[in-house]
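Chemist: Here is a sequence together with a model predicted from it:
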Amino acid sequence: KNQVEQSPQSLIILEGKNCTLQCNYTVSPFSNLRWYKQDTGRGPVSLTIMTFSENTKSNGRYTATLDADTKQSSLHITASQLSDSASYICVVSGTGGSYIPTFGRGTSLIVHP
Amino acid sequence: GAGVSQSPSNKVTEKGKDVELRCDPISGHTALYWYRQSLGQGLEFLIYFQGNSAPDKSGLPSDRFSAERTGGSVSTLTIQRTQQEDSAVYLCASSYPTGTSGGPPSGDTQYFGPGTRLTVL
């Protein structure tokens, strides 16, 4: 069964600090992995997408890494801001005709001033 | 341009009543998804529409759930005889598939609406 596990479940950091969120998956065969940011009361918004051949992708202060061999990904947030407070969701898509991605439960990040 | 819109933003209903949730996808997007997000849970796939093809209803949890997509644009998710366990945020997403013909694409960017928060008392 395809699964996506995220850790930690929640995280509290001080403004200006860095943090790293983890994602492990069992989706196979693998197509791509996305990180979404979901603000409270809003729908998820795509931050990064990585395919099998990519091992790092940046979007401003967000940097995602992918190790397709160990089936792990991380999302690193640099110099956190209050607006980074949100849920971060790891989403993995497979190939072979499966167009329904597998969603992780998300990591809830709170940035305190 | 406008993003995906959903209405209502909040819906409170009594157990046993029927509810209709609406989704307006991004213009030109031929793929439309409905998901359910319960507290502390990941998004749960409900149903997928792609163009004029028959929808994939494999995620609908019971026959009380149904969805339509009229004219390849607006979609309505209907829940009949609502139960308390139906309480959740219902999210709609649309995308413009870029996969090859003969099979559905995987991993196209989905653009999500703000969701409808359904509370069944």
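Modeler: Yep, that arrived.
Chemist: only C-alpha atoms for contact and neighbour calcs from this point on.
Modeler: Noted.
Chemist: Contacts only, for residue A:104.
Modeler: A:3, A:4, A:5, A:6, A:23, A:89, A:90, A:91, B:42, B:43 (Cα atoms under 8 Å, 6 or more residues apart in numbering or on different chains).
Chemist: let's see 6 Å
Modeler: By Cα atoms under 6 Å, 6 or more residues apart in numbering or on different chains, residue A:104 lies in contact with A:4, A:5, A:89, A:90, B:42.
Chemist: Flag whichever of those scores worst on pLDDT.
Modeler: In terms of pLDDT, residue B:42 ranks lowest among these, with 84.
Chemist: out of everything not next to it in sequence, what's closest to the residue of chain B found nearest chain A?
Modeler: Closest to chain A within chain B is residue B:42: 3.9 Å, counting by Cα to the nearest Cα. Nearest residue to residue B:42, sequence neighbours excluded (Cα to Cα, 6 or more residues apart in numbering or on different chains): residue A:105, at 3.9 Å.
Chemist: returning to what we had before: which ones among the contacts of residue A:104 map onto strands?
Modeler: Those of the contacts of residue A:104 mapping onto strands are A:4, A:5, A:89, A:90, per DSSP state E.
Chemist: Where does the prediction get shaky in chain A?
Modeler: By pLDDT under 70, the low-scoring segments of chain A are A:96-99.
Chemist: can you pull the pLDDT of residue B:55?
Modeler: For residue B:55, the model assigns a pLDDT of 90.
Chemist: Could you do residue B:98 as well?
Modeler: We have a pLDDT of 64 for residue B:98.
Chemist: likewise the one 5 residues further on?
Modeler: Each residue has a pLDDT score; the one for residue B:103 is 38.
Chemist: Tell me if the host helix or strand of residue B:49 is near chain A.
Modeler: Element membership for residue B:49, per DSSP states H and E: strand B:44-50. No - with Cα under 6 Å from any Cα of the partner chain as the criterion, chain A is not reached by strand B:44-50; the gap is at least 7.4 Å.
Chemist: and whichever helix or strand comes after that strand, what other elements does it pack with?
Modeler: Per DSSP H and E, strand B:44-50 leads on to strand B:65-69 as the next helix or strand towards the C-terminus. Using 3 or more Cα pairs under 6 Å, 6 or more residues apart in numbering or on different chains; DSSP states H and E, the elements in contact with strand B:65-69 are strand B:75-79.
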